[in-house]
Each structure stands twice: as C-alpha cells, then as structure tokens.
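Undergrad: Quick one, structure for this:
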Amino acid sequence: MKRFLICWVLAALVVPAASFADGPNGQDRENAARACRALRASMGDALFRLSYGTVQSNRRNAFGRCVSQWARAEHQNRISARSACSTEQADPNFAINHDGKSFAEYYGTGPQHRNAFGKCVSSKAKAASDEARQNTMNAAKRCKAERSELGIAEFRKRYGRGASDRNAFGKCVSQLAKAQTA
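TA: The predicted structure is shown next:
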C-alpha cells in the first residue's frame with residue numbers, strides 16, 4: 001500500500017509538470033513553424049536552404065534550424081509584447097491617445113470587452129513577427145544579389161570564417177535582417 005501511495009503521488013506530480021512543458025514554449029514553436037513555412041513558400045526551397053542550412057543540407061534539416069531560430073524570436077516577441085501591453089494598460093492617458101477608448105474597449109472583444117490583455121499581446125507579437133519575417137526575406141534577396149556580384153569564394157570570405165565556410169549565406173541573412181530590425 002505504501003508503494004502504491006508513493007507511485008500515485010509521484011504520478012500526480014509528473015503529469016502537471018509534463019503539461020507545463022508544452023505551455024508557452026509549444027506556442028512559440030508553433031508560431032515559429034508557421035513563420036518558417038511562410039518564409040519557405042515566399043523564398044523558394046533553394047534560397048530557404050541557403051538561409052537556414054548549407055548547400056548540402058536537406059530540406060528537413062533547414063526547416064528544423066529555421067524553427068529553432070524563430071522559436072527564440074517568437075518567445076522574445078511575446079515577452080516584449082506583454083511588457084508593452086502592461087505599460088499601455090497602466091497608462092492613465094491611454095484613452096486620450098486611442099479615440100477616447102479605454103484599454104479594454106480598444107483591445108477587448110464582444111460587449112463585455114473580454115480578453116483585452118491577451119488580444120493586445122497577440123496583436124503586438126504578430127506585428128513584430130511579421131516585420132521580422134519581411135526583414136528576413138529582404139535580407140535573403142540582398143544576400144543572393146551580393147553573392148552573385150562577389151562570387152561564392154569572396155562571399156564566403158566576407159561572411160564566413162574563411163573561403164570554405166558553407167553557412168556564409170545564413171550568416172549574411174542573419175546580419176542584414178538584424179540590421180534592418182535595429
């Protein structure tokens with residue numbers, strides 16, 4: 001009976017812990033996968049693989065790398081959005097800058113203006129994600145043009161660790177996209 005009780009208590013502790021593991025992190029990964037699918041569709045497979053893998057990497061490997069990078073970005077976007085929405089919600093002059101509407105009236109839904117904070121966070125996080133995705137697509141196009149202009153060996157020297165660096169294209173995209181965001 002004592003063993004059964006110990007097993008039951010341990011199981012009761014493990015189940016909630018497992019359910020928390022898929023919480024916000026799972027949401028960030030889902031949003032990242034959605035962003036990566038959109039990028040792959042708009043860039044095309046070849047440019048996508050160059051941006052998130054190497055010339056030799058397969059499609060699946062590049063997609064996984066993309067999701068890993070974007071999951072961190074999605075997490076940061078959500079944290080920044082929560083902070084911005086908290087600031088807006090606490091702002092006593094919010095109504096003055098938003099057509100006389102309160103925070104709940106501006107962001108909330110339905111006659112009771114429900115889930116205003118959640119709608120605020122999701123709209124701000126989505127806007128940040130959309131901007132980052134557009135910056136990445138623009139950076140990939142610029143890197144492709146620069147690589148054509150310089151030649152592959154010179155391009156790898158400029159953005160990689162040397163002429164044999166196969167991920168110079170991804171590093172170029174990353175640098176240019178971050179510069180556009182800043």
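
Undergrad: contacts and neighbour counts: CA atoms only from here.
TA: OK.

Undergrad: what residue ranges in the protein score low on pLDDT?
TA: 1-24, 54-60, 162-164 (pLDDT under 70).

Undergrad: Determine the longest helix present in it.
TA: If you go by DSSP state H, the chain has its longest helix at helix 116-150.

Undergrad: chain center to it: distance?
TA: How far helix 116-150 lies from its chain's middle: 9 Å, per Cα atoms, centre = their mean, to the nearest Å.

Undergrad: After it, which helix or strand is next?
TA: Proceeding N to C from helix 116-150, the next assigned helix or strand is helix 152-159, under DSSP states H and E.

Undergrad: Could you list the buried residues of that following helix?
TA: Residues 152, 155-156, 159 are the ones in helix 152-159 that count as buried (16 or more other Cα atoms under 10 Å).

Undergrad: May I have it as CSV, with CA atoms only?
TA: Below are the C-alpha coordinates for helix 152-159, written out as CSV (Å, rounded to 0.1, in the frame of the first residue of the first chain):
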residue,chain,number,x,y,z
ILE,A,152,30.9,32.4,-54.0
ALA,A,153,34.5,32.3,-52.7
GLU,A,154,34.7,36.0,-51.9
PHE,A,155,31.2,36.0,-50.4
ARG,A,156,32.3,33.1,-48.1
LYS,A,157,35.4,35.1,-47.1
ARG,A,158,33.3,38.1,-46.2
TYR,A,159,30.5,36.5,-44.2
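
Undergrad: so what does it touch, helix or strand wise?
TA: Applying 3 or more Cα pairs under 8 Å, 6 or more residues apart in numbering; DSSP states H and E, one finds that helix 152-159 makes contact with helix 168-181.

Undergrad: Does the most centrally placed residue in the chain lie in a helix or a strand, and which?
TA: Nearest to the mean C-alpha position of the chain, counting by Cα atoms, centre = their mean, stands Glu74 at 3.0 Å. According to DSSP H and E, Glu74 maps onto helix 59-90.

Undergrad: So which elements touch that helix?
TA: If contacts are counted by 3+ Cα pairs under 8 Å, 6+ apart, helix 59-90 sits against helix 24-43, helix 45-52, helix 116-150.
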